[in-house]
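>>> Everything below, folded, please.
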Amino acid sequence: MEFLLIFFIGICATTVGTLAGGGGLISLPAMLLMGIPVHSAIGANKVSNTVSSFSSFFHLYKNGDISLKESIWIIPVSVGGGISGGFIASRISEDHMYIVAIILLVCAFITSFIGKKDFAGDASLKMNKFSIPGLYGIGMYDGLFGPGQGTLMLYLFGYLQISYIRAVGLVRLATFSSCFGAAITYIAADKIIWSFTCALLFGSVAGAQIGVRIAKKLKPKFVKPILRIVTIALIVQIVVNNVL
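Numbers count the residues shown, from 1 in each chain. The predicted model follows:
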């Protein structure tokens, strides 16, 4: 029964995560409430996100929605940012990490009302003074703290006038890159409970496929309201976790 529950948690979390980021809002707290040790729960999320993110990216790549020429450079930038964030995280307090997370998410939320970009553009992702620092910085944040990484990336791609479905593919590739290294770390540290992890993984792959199919039908004007809801939920979760 536990494995079936985790499977459905994986479906729900990754469907939401694919559409607007923030899937960890669902999966991580749910697994902790089930009594799964925190490091094992995080490790399960990293392993499942690695596979599910690649599966959704590959689906969009196979269908011609995204190209490797446009996206492949994201991998070293995101990995470099994640490594930098992990290095910094070992040298600052958890309280400061919470503050950084809240500031970034609040700024993204406010910017979503100020900016007029709504994912209706069709620009190509290019290496420039906005994309490289933006992706590196969010990769650093992912290594530093994590929750909201996908949501922040979607805000960035919206600003860069990337169409929504391509933005989803680019976010999934970046998520695959950052989670791959983390997953290896948790596996090497023997923190993985494979029975729970596999249940979450299968659910996450199913959720990723559901998510990309919904994303293809989602009108751009509905994306920012969904992002704002997820952003508020992330801020509330971080504040509550910090207080408690």
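
>>> list the contacts for the most centrally placed residue in the chain?
By C-alpha atoms, centre = their mean, the chain has its centre lying nearest to residue 150, at 3.3 Å. Taking C-beta atoms under 8 Å, 6 or more residues apart in numbering, we find residue 150 in contact with 17, 20, 21, 22, 23, 171, 175. Quick note: C-beta positions are derived from backbone N, CA and C, even for glycine.

>>> Not counting its neighbours along the chain, what's nearest it?
Counting by C-beta to C-beta, 6 or more residues apart in numbering, residue 150 lies nearest to residue 21, which is 2.8 Å off, once chain neighbours are set aside.

>>> Show me where the chain has its helices.
Remark: helices assigned in the chain by DSSP state H are 2-20, 24-33, 38-62, 68-71, 74-89, 94-114, 131-144, 149-159, 164-188, 194-217, 223-243.

>>> and those helices, which one is worst for confidence?
Ranked by mean pLDDT, the helices of the chain bottom out at helix 94-114, which scores a mean of 71.

>>> Can you list phi and psi of residue 161 for me?
phi 60, psi 40 (degrees, to the nearest 10).

>>> Not counting its neighbours along the chain, what's nearest it?
According to C-beta to C-beta, 6+ apart, the nearest residue to residue 161 is residue 121 (3.0 Å).

>>> surely that neighbour meets residue 163?
Yes - the criterion here is C-beta atoms under 8 Å, and residue 121 meets it with residue 163 at 6.5 Å.

>>> circling back: can you check the pLDDT for the residue nearest to residue 161?
Note for residue 121: predicted pLDDT of 71.

>>> Repeat that for the one 5 residues further on.
pLDDT recorded at residue 126 is 86.

>>> so what's the backbone phi/psi at it?
With angles defined as degrees, to the nearest 10, residue 126 sits at phi -130, psi 160.

>>> neighbours around it, how many?
For residue 126, the neighbour count with other C-beta atoms under 10 Å is 11.

>>> do the one 5 residues further on as well
Burial measure for residue 131: 20 neighbouring residues, criterion other C-beta under 10 Å.

>>> swap in residue 109?
18.

>>> List the contacts of the closest residue to it other than its chain neighbours.
In space, residue 109 comes closest to residue 231 once its chain neighbours are excluded; the distance is 4.7 Å by C-beta to C-beta, 6+ apart. By C-beta under 8 Å, 6+ apart, the contact set of residue 231 is 22, 105, 108, 109, 112, 148, 151.

>>> Kindly recompute the last result at 7 Å.
By C-beta atoms under 7 Å, 6 or more residues apart in numbering, the contact list for residue 231 reads 105, 108, 109, 151.

>>> what about it, distance to residue 58?
Distance of residue 231 to residue 58, computed by C-beta to C-beta, to the nearest Å: 28 Å.

>>> is it true that residue 183 touches residue 46?
Yes - contact status for residue 183 versus residue 46: in contact at 4.3 Å, counting by C-beta atoms under 7 Å.

>>> what about residue 33, neighbour count?
9.

>>> sorry, back to before: among the contacts of residue 231, which one lies nearest to residue 237?
The shortest approach to residue 237 among the contacts of residue 231 belongs to residue 105, at 10.2 Å (C-beta to C-beta).

>>> on that earlier part again, tell me the buried residues within the contacts of residue 231.
Taking 16 or more other C-beta atoms under 10 Å as the criterion, what is buried in the contacts of residue 231 is 105, 108, 109, 151.

>>> Which members of those define the maximum pairwise distance?
Distances among the buried ones among the contacts of residue 231 were taken as C-beta to C-beta; the most separated pair is 109 and 151, at 9.5 Å.
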